[in-house]
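Student: this one's structure only:
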């Protein structure tokens, strides 16, 4: 293309604009807020749209698997450059982030209507999006880290957005404790928790980054791809895998992977639009993106004989454990946003599992595509589900699903869209994106030929069953059955239960429709991405993919080429999950409460899941209560005694005592002074003689 | 031969003429009261002298720190450096006395004595002959005895003068004894020849040479306020008129250091004596006892008197390690220059407080920050500079001194302990400087502003500019110190 702006090609300009526009909008936001609060929303949405359009303008480049790379000098003394790298990976990601955020911004204009701190809200939302796009388009780790911290800061500010800590903004059941730890969090506490927990990962990440910089002398992705000397040197010292695992530590924090997962649930204290943004487009996806960024670099090293299998094994297992762990907790929680949050963590686990298993298989591109495709489909249906949940909260005025029920007649559009998006999450066969992306993950895991393939595969299937179950449970509890007492009371008081406003339902409607729409052509969409990534990995990293000749498959028609076992398992999982969900929550043939209480085994399991496997309580015991207890001990037994009494008072007493002694010598009598003088003279001469 | 335009001679001529003329003029005018008239004359004479010293430096007529010469005085950078420090203090004293002397008689004599004492101090720094040194020493001392007892109806002023005089007489006797011993041993009073004589001394006579050096240390140590020759000092500083205390603490003390560096340090190098330990012990004792005693004082003059003892200890660190670290003497000179300004300004501030509010007890200083904001600020800056808080000028000189002690650590195992003692003592000194600051600024909320003497404010403004300016940009002062510091090198011995 021949269009040039300021000497830069059209693509380069777009790539810079994608992340700079949201930042620029954030900067002018306070000024606009002063001029007119009403127009802040339009400006914010406008800038989000421009950023998304810039991202869209790069799609043709991605389709031909091209890339643009533009650099400027940043830190002269260290030879560190700043730059943008728009390759298929970052272009696709930038579009996902850009468009989903744009829709969430539109939704926010309705959801946040009338909030008096709206300027601050837009500022941080734009800052959030800008930081995320900075991560996506950076061409080096250091710049990624800046975006990374920006995302962390914005998430802190937005999770604690309602910092007045009103009761309705808390999460958890008031007064409920687990192992003596309160399971009820205020927005400010939740923001702090998210900030600190992700910071643990960030510290690991910067350690990993610096370790790599020490050997490679660069933070740049292109430079790291370029040669392998640094990796050879690191591998020789046994530091290659640790360094990359440390980097992955950052991703674990941001993506809420076990064991840094506990912040994600309390992050629900933020406005629902923020939750949608965190879960679909920005925060948690940053970790997945980072793994997708560095994964091929590490995998490409195997061509040079440098193996880093442990790195991928750790990713795959962390993903698998998180997927199962969080899915189980999602089955029992009564809060709709928390169910969705558990589901996010679990689905991110799937993506990690796929990206990990990719590095352990012969066909890197299969797992890579599967993970990334799932990221895209998840972004759509999860954003849609969150926004719809926000609409429910808005209208029902409660975060508990037990306060909803029977809403399908009142909120027909929301009901339909949540079903569509929910089917995507469940992986409803053949018509949803979720089905295709999940199936691709199953197939990649199953076909990887790795020793861990079978256990990982079984965990993945089990998680799929649970996912289908809790999604059905959520839909059942919200829309089916009788109206809850809460709603009856509301209606008695004259509140009318009605559909959400257009600015709210249109965004999640679009995404729900897309979930189904792209789902119908899902297989070809996946093949398209697969094709792009095959070329991308080939061109950029030299990772070759064997051309798979279509074997004679037992599957008919358009399913030709799919793995029959993965497909079969996927279908069975979906059917089992939705079936069980139907029995309990839609058909209501069995009362779930009675069922759980009917025998001790189900009761214990239920309690374990509801108490978050006791992990959150343990985190608090180990890292909050115990240090505080130690601090009090140090204060009482060391600070007060040794420092205050011993050193502080002791020194003071010693000094004042000596001062009194010296004052005692100052008699004021000249004779004694002269005597001391004479003695001093003798003393000096004696010292000299020694 | 010494040229007629050389700095010491010209200063002597200017200050001497004016100093002698002042009383004569007052007799001729037959009036006692016009304080400002004499003050301005004395001030002008000091300014002209200062200008001449500066002019000589700028014109490059000053030889590098020569230390020895065939004449009785030498016009070298070392002397010039001290002359500037002393003239600054003399100017402080003159300006600070402007208000103080309004209430007292005989201003002409008062200013005349200040000028004559200044000549003495300056000449001590320039002397290269023991007899000349002694004469200058007495010229410095005798006017200050009178000045300390200038308030003749005030018993504590009289007591102060008497104690000062007793000790002064004793130390003069000791110095003369030391001079006579060295003359007897070497047949000369020229410092260069004395030291050369020492280097070829018959070993059997060595104890006598040692005795002479010990006598010099004790004799000069009296003026420097070293422990155990210090006991007169708090009593005298407390009783003397406050501006004169500034002159004693900030200027005559420096004359002691100048003489010590000229004679003792070099003399002992030649005698192959390890004086480091003796001076090191005295340094630690001096600063520790000074600071500890200062903490409990209730009278601000007395507190600063002890602080001034402590500062002699810091300066002595540089002298103690002088032969092992080139930074040693530089640090000492640097600290001497800073101390002249810091301590001079602090005592002038007290003079201002005493004349305006007539209080010296620390509890009465509550709310001084509101009553006399400029004076209080100047005092606090001076105190913080004394404590060595960056970015004030006092920080850099202390840094250099303690750095020299660390630097000498490779040759003297105990030298770093001097630095540790110095740092601990600085921390200790913050206790009373900080306490004083708290009294002035954080207590006594209800105080009203009073009229501050303009002359005191002028000194405060000058000292604040000096301390902050050279604190932020110490480069020129460090260059000057480097230029003025004599190099201890046996190769330059005559």
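Tutor: On my side now, so go ahead. On a predicted model such as this, the values are computed, not experimentally measured, just so you know. Numbering: from 1, shown residues only, chains lettered A, B, ... in the order given.
Student: show me where pLDDT drops low in the stretch 151-300 of chain A?
Tutor: Applying pLDDT under 70 to the stretch 151-300 of chain A flags no residue at all.
Student: mind listing the strands for it?
Tutor: Listed in chain order, the strands of the stretch 151-300 of chain A (DSSP state E, counting those that start in this stretch) span A:171-178, A:181-185.
Student: swap in the stretch 151-300 of chain B?
Tutor: Using DSSP E, counting those that start in this stretch, strands in the stretch 151-300 of chain B do not occur.
Student: again with chain A
Tutor: Ranges of strands in chain A, per DSSP state E, are A:4-5, A:8-9, A:68-75, A:80-86, A:171-178, A:181-185.
Student: closest to chain B out of those strands?
Tutor: Nearest to chain B among those is strand A:68-75; the distance by C-beta to the nearest C-beta comes to 28.3 Å. In this view, the C-beta of every residue, glycine as well, is placed from N, C-alpha and C.
Student: Just checking: what are the partner strands of the closest one?
Tutor: strand A:80-86 (antiparallel) (DSSP bridges).
Student: circling back to that earlier point, with respect to burial, which of the strands of the stretch 151-300 of chain A scores highest?
Tutor: Ranked by mean neighbour count, those are led by strand A:181-185 with a mean of 18 (mean count of other C-beta atoms under 10 Å in any protein chain shown).
Student: Which residues does stretch B:158-173 contact?
Tutor: Contacts with stretch B:158-173, where a contact means C-beta atoms under 8 Å, 6 or more residues apart in numbering or on different chains, come from A:670, A:673-674, A:677, B:134, B:137-138, B:141, B:144-146, B:148-149, B:152, B:218-220, B:222-223, B:229, B:232, B:235-240.
Student: hang on, the earlier thing: okay if I get the strands of chain A as a markdown table plus distance to residue A:572?
Tutor: Shown next, in a markdown table, are the strands of chain A (distance: least, C-beta to C-beta, whole Å):
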| stretch | distance to residue A:572 |
| --- | --- |
| strand A:4-5 | 54 |
| strand A:8-9 | 51 |
| strand A:68-75 | 45 |
| strand A:80-86 | 41 |
| strand A:171-178 | 34 |
| strand A:181-185 | 35 |
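Student: Out of those, which is closest to residue A:150?
Tutor: When the strands of chain A are compared by C-beta to C-beta, strand A:80-86 sits nearest residue A:150, at 14.3 Å.
Student: Now the closest one: buried residues?
Tutor: For strand A:80-86, the neighbour count (16 or more other C-beta atoms under 10 Å in any protein chain shown) marks A:80, A:81, A:82, A:83, A:84, A:85, A:86 as buried.
Student: correct me, but the first one touches residue A:74?
Tutor: Yes. Distance between residue A:80 and residue A:74: 5.1 Å, which falls inside the contact criterion (C-beta atoms under 8 Å).
Student: Out of the strands of the stretch 151-300 of chain A, which is closest to residue A:579?
Tutor: Of all the strands of the stretch 151-300 of chain A, strand A:171-178 sits nearest to residue A:579, with 29.4 Å by C-beta to C-beta.
Student: relative to strand A:181-185, how tilted is that closest one?
Tutor: Counting by axes from the mean of the first three to the mean of the last three C-alpha atoms, to 10 degrees, strand A:171-178 lies at 180 degrees to strand A:181-185.
Student: Show me what strand A:171-178 is in contact with.
Tutor: Outside strand A:171-178, the residues touching it (C-beta under 8 Å, 6+ apart) are A:167, A:182-185, A:190, A:265-266, A:268-269, A:334-335, A:337-338, A:399, A:611-612, A:614, A:616-617.
Student: partners of it, with directions?
Tutor: Strand A:171-178 has the following strand partners under DSSP bridges: strand A:181-185 (antiparallel).
Student: quick one: the closest residue to residue B:192 other than its chain neighbours and residue B:486, what's the gap?
Tutor: In this structure, residue B:192 finds its nearest non-sequential neighbour in residue B:68, 3.2 Å apart by C-beta to C-beta, 6 or more residues apart in numbering or on different chains. From residue B:68 across to residue B:486, the span is 10 Å (C-beta to C-beta, to the nearest Å).
Student: now do residue B:266
Tutor: Applying C-beta to C-beta, the value for residue B:266 to residue B:486 is 8 Å.
Student: likewise residue A:299?
Tutor: Per C-beta to C-beta, residue A:299 is found 71 Å from residue B:486.
Student: ok so, going back, have a look at residue B:266 and residue B:486 and say which one is more surrounded.
Tutor: More crowded of residue B:266 and residue B:486, by other C-beta atoms under 10 Å in any protein chain shown: residue B:266, with 24 against 21.
Student: Touching, the more buried one and residue B:195? I think so.
Tutor: Yes. Between residue B:266 and residue B:195 there is a contact at 5.7 Å, judged by C-beta under 8 Å.
Student: Work out for me the element whichever residue of the stretch 301-450 of chain B sits closest to chain A sits within.
Tutor: Residue of the stretch 301-450 of chain B nearest chain A, by C-beta to the nearest C-beta: residue B:428 (7.0 Å). Mapping residue B:428 onto the secondary structure by DSSP states H and E places it in helix B:415-442.
Student: hang on, isn't the residue nearest to residue B:192 packed against residue B:78?
Tutor: No. With contact defined as C-beta under 8 Å, residue B:68 does not count as touching residue B:78 (11.1 Å).
Student: With neighbour numbers in mind, choose between the two.
Tutor: Applying other C-beta under 10 Å to residue B:68 and residue B:78 shows that residue B:78 carries more neighbours, namely 25 against 22.
Student: So what does that one have for phi and psi?
Tutor: The phi/psi pair for residue B:78 (degrees, to the nearest 10) reads phi -60, psi -50.
Student: So it sits against residue B:483, correct?
Tutor: No. Here residue B:78 lies out of contact with residue B:483, judged by C-beta under 8 Å, at a distance of 9.6 Å.
Student: Let me know the pLDDT of residue 8.
Tutor: Just going to use chain A. Per-residue pLDDT puts residue A:8 at 64.
Student: that's the wrong chain, I meant chain B
Tutor: At residue B:8, the pLDDT value in this model is 88.
Student: who in chain B is up against chain A?
Tutor: Residues of chain B lying near chain A by C-beta under 8 Å from any C-beta of the partner chain: B:162-163, B:166-167, B:170, B:174, B:207, B:210-211, B:213-215, B:217-218, B:221-222, B:227-229, B:231-232, B:234-235, B:273, B:275, B:277-278, B:281-282, B:289, B:292-293, B:295-296, B:428, B:431.
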